[in-house]
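> Compute the structure for the input listed below.
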Amino acid sequence: MTAGPTAEGVTLRGATLRDCDSLCRIQISAIRKLGVSHYTAAEVAAWSEGLNPKRYESSVANLHVVVAELNGQVVGFGSLDPTSGEVVAVYVEPKHARRGIGRALLKELLCGAKHCRLSEVHCKSSLCAESFYRDAGFEGDLRCKHRFRSGQEIDCVPMRKSL
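Predicted coordinates for the structure are as follows:
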């Protein structure tokens, strides 16, 4: 884990169980404020419903989860499944979006993947994050459906990156 300041004074660190409330808040906020650019209100609602802090405990315990802090507040997070090589999530609080925080989180996840000796990572990118992943060297053009627990589906783009 690379610790220390990054984009605009943001510090990265490993997530702890104490961060679960913040992770949930950030993901819901990002989905509701940024997801509307590519998804319907019903799709955004399906994507964000059912998220609660308890659901993040397993991720923090079993995945490589990194948080970004600014002035002592968690403003973003990313997670990588080191077993499958899946970049599970990269979310930044909307008021801090497009300032390099997501890039710094993804870079840290990719370092973690290399540390785990993975030769490739993959993700199911939302349509609103497709250009973010493409700018980071991920490739993929075909769309597929991602099904939520509710049964609602949204379009996504499976993407891969060689390390």
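
> what's across from the residue nearest to residue 126 when sequence neighbours are not counted in the sheet?
Excluding the flanking residues, the one nearest residue 126 by C-beta to C-beta, 6 or more residues apart in numbering is residue 156, at 5.8 Å. Every C-beta, even on glycine, is put in place using the N, C-alpha and C of the backbone. In this entry, residue 156 is beta-bridged to residue 126, residue 144, by DSSP bridges.

> Any idea which helix or strand in this protein has the lowest mean pLDDT?
strand 4-5 (a mean of 45; mean pLDDT, DSSP states H and E).

> In its sheet, which strands sit next to the following helix or strand past that one, and in what direction?
Using DSSP states H and E, the helix or strand that follows strand 4-5 towards the C-terminus is strand 11-14. Sheet pairing for strand 11-14, assigned by DSSP bridges, gives strand 4-5 (antiparallel), strand 64-70 (antiparallel).

> could you say which helix or strand contains residue 113?
Residue 113 belongs to helix 101-115 when assigned by DSSP H and E.

> Flag every buried residue along that helix.
Buried residues in helix 101-115, counted by 16 or more other C-beta atoms under 10 Å: 101-113.

> try stretch 146-162
Per 16+ other C-beta under 10 Å, stretch 146-162 contains these buried residues: 154, 156, 157, 158, 159, 161.

> check contacts around the third one.
When you say that, I think you mean residue 157. Contacts here follow C-beta atoms under 8 Å, 6 or more residues apart in numbering; on that basis residue 157 touches 124, 125, 127, 130, 133, 140, 141, 142, 143, 144.

> Among those, name the buried ones.
Buried by 16+ other C-beta under 10 Å: 124, 125, 127, 130, 133, 140, out of these.
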